[in-house]
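Student: Have a look at this prediction, sequence included:
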Amino acid sequence: MVQPLLVLLCCLTLPAKASESPFNDLTLSQAEKADSYSFEVGGHLYGASKNHNSVFPSSSFLGNIDRINSSNISFFVSLGDNFRRATEEHIVHFKSAVASRLKMPFFNAVGNHDVTNRERYEAHFGKTYYCITFRASDSRTATACQRTQKFITVAKQPLKVLFRSFLRSIE
């Protein structure tokens, strides 16, 4: 049996141009010149899988928003599954309970639950892939983002396979 392949590409590039979060409209600060920075990563924000009827994000995550806001991080990256289903109700609750309460830009590497209705997700947040830019960078990271964008463009094309057979005599 042929199994589908899911490829997750999350590209963070670091040139000087600012990037705005499609989730809470906050822009990455490019002003800081520190040698280091911090960001937080989390995922599966919709909570326990056994709580099928909840339209609210995880209570444990909601309980940590003040701590996240008071930490010295530059941005937050979600690993997806921000809401159980991409219904209008789930998205509205996510925006009001999470995205609008975070005091730093929020970015998402899309999970399967986020795109149970891809059209609705994209209507609220834009494309399911994007690159963000943050501070100064060398050309290698900018090139990585360009290559990722090219890969995505090529991956959307229909697959063309050429089968060729030939006979060869063995002496």
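Tutor: Here it is on my side, so go on. Numbers count the residues shown, from 1 in each chain.
Student: number of nearby residues for the nearest residue to residue 48 once chain neighbours are set aside?
Tutor: Spatial nearest neighbour of residue 48, chain neighbours left out: residue 58 (7.5 Å); criterion: Cβ to Cβ, 6 or more residues apart in numbering. All C-beta spots, glycine's among them, are computed from the backbone N, C-alpha and C. By other Cβ atoms under 10 Å, 20 other residues sit near residue 58.
Student: Give me the pLDDT for residue 58.
Tutor: What the model reports as pLDDT for residue 58 is 90.
Student: just residue 165 next, same as before
Tutor: pLDDT recorded at residue 165 is 56.
Student: Which of the helices or strands spans residue 69?
Tutor: In the assignment (DSSP states H and E), residue 69 maps to helix 65-70.
Student: residue ranges for the strands of this protein, please.
Tutor: With DSSP state E as the criterion, the chain has strands at 11-13, 39-42, 75-78, 106-108, 131-133.
Student: Pick out the shakiest of the ones you listed, pLDDT-wise.
Tutor: In terms of mean pLDDT, the lowest-scoring of these is strand 11-13 (a mean of 43).
Student: if we can go back for a sec, if we go by neighbour counts, what in the helix holding residue 69 is buried?
Tutor: Neighbour-count burial for helix 65-70 flags 65, 68 (criterion: 16 or more other Cβ atoms under 10 Å).
Student: gap between the residue most central in space within the chain and residue 27?
Tutor: Geometric centre of the chain, nearest residue: residue 109, 2.0 Å, by Cα atoms, centre = their mean. To residue 27, residue 109 is 19 Å away according to Cβ to Cβ, to the nearest Å.
Student: and if you look at residue 81?
Tutor: According to Cβ to Cβ, residue 81 stands 25 Å off from residue 27.
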